[in-house]
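[1] fold the following.
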Amino acid sequence: MRGADTSWRSTSGHSGRTSTPWRPGSTGRATTPPPELTVAFIPSESLIASALAADPGLLDHAFRKRVALASPVTLWSVLKTVAFSWQQDVVTQEARELFRVSRELHGRLSTMAGHVDKLGRSIRGAVVDYNRFVGSLERQVLPSARRLSLLDESKVIADPTSIEDEPRLLTAPELVASTERD
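    Okay, here's the model as predicted:
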């Protein structure tokens with residue numbers, strides 16, 4: 001039982017030292033707070049069993065000091081749980097990013113839908129105006145043009161007269177000098 005007593009004292013003392021309280025700005029201490037829980041690895045199930053047989057309150061004492069005593073099986077479980085937790089954290093961050101991008105896309109689609117609606121109204125208006133133009137052309141302009149083609153052009157429109165005069169050339173030295181430089 002001597003080995004168990006030594007194991008218990010060692011474990012109890014170690015859990016007390018591991019959980020030294022944190023004081024911000026203390027000399028010789030870390031400037032970041034300690035983790036929520038420190039896992040103390042005990043390399044044998046039998047060592048933990050012996051220590052707990054010698055002091056049944058050892059686990060409570062260690063937990064009060066924010067230390068978890070972990071055998072190989074317990075440590076394996078803790079590590080698997082932490083790994084799963086980190087994976088879930090990554091998934092959560094990705095889900096947040098997906099939600100943010102989805103909201104952004106929804107806003108952009110909404111803006112684009114407004115533009116498409118305005119474009120559709122403009123196209124409808126252009127089609128209505130085009131149809132009015134074609135109707136006016138066919139009902140009013142073309143019948144007048146057809147009647148005009150039946151008239152004798154010589155009676156309606158006189159032949160244009162040609163211009164016989166030529167433009168006068170500049171002769172003033174000030175004006176001629178400025179045009180020669182160009």
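[2] these two touch, right, Glu36 and Ala68?
    No - Glu36 is beyond contact range of Ala68, at 10.2 Å (criterion: C-beta atoms under 8 Å). Where you see a C-beta, it was placed from the backbone N, CA and C, and this is true even at glycine.
[3] between these two, which is the more surrounded one?
    Ala68 (16 against 6; other C-beta atoms under 10 Å).
[4] make sure the more buried one is indeed in a helix.
    No - under DSSP: H, G, I helix; E, B strand; the rest coil, Ala68 falls outside any helix and is assigned strand.
[5] and it, what does it touch?
    37-40, 62, 74, 78 (C-beta atoms under 8 Å, 6 or more residues apart in numbering).
[6] Asp129 and Ala83, how far apart?
    Going from Asp129 to Ala83 by C-beta to C-beta, to the nearest Å gives 68 Å.
[7] can you list the weak-confidence ranges in the chain?
    1-31, 152-165, 167-168, 170, 174-175, 177-182 (pLDDT under 70).
[8] what packs against the biggest helix by length in it?
    The residue-count maximum for a helix in the chain (DSSP state H) belongs to helix 72-136. Counting contacts by 3 or more C-beta pairs under 8 Å, 6 or more residues apart in numbering; DSSP states H and E, helix 72-136 packs against strand 38-41, strand 67-70.
[9] CA atoms only for the helix or strand following that helix, dumped as CSV, please.
    Per DSSP states H and E, helix 72-136 leads on to helix 142-150 as the next helix or strand towards the C-terminus. The C-alpha coordinates for helix 142-150 follow below in CSV (Å, rounded to 0.1, in the frame of the first residue of the first chain):
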residue,chain,number,x,y,z
LEU,A,142,-47.9,56.5,-96.1
PRO,A,143,-51.3,57.4,-97.5
SER,A,144,-50.2,61.0,-97.8
ALA,A,145,-46.9,59.9,-99.4
ARG,A,146,-48.9,57.8,-101.9
ARG,A,147,-51.1,60.8,-102.8
LEU,A,148,-47.9,62.9,-103.2
SER,A,149,-46.4,60.5,-105.7
LEU,A,150,-49.5,60.8,-107.9
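[10] okay, the angle between helix 142-150 and helix 72-136?
    Compare the direction of helix 142-150 with that of helix 72-136 by axes from the mean of the first three to the mean of the last three C-alpha atoms, to 10 degrees and you get 40 degrees.
[11] in helix 142-150, what's buried?
    Using 16 or more other C-beta atoms under 10 Å as the test for burial, helix 142-150 gives no buried residues.
[12] returning to what we had before: is it possible to export the contacts of Ala68 to TSV including distance to Leu52 and neighbour count?
    Formatted as TSV, those follow (distance: C-beta to C-beta, whole Å; neighbours: other C-beta atoms under 10 Å):
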residue	distance to Leu52	neighbour count
Leu37	19	12
Thr38	18	15
Val39	17	15
Ala40	14	16
Ala62	10	22
Thr74	13	16
Val78	18	15
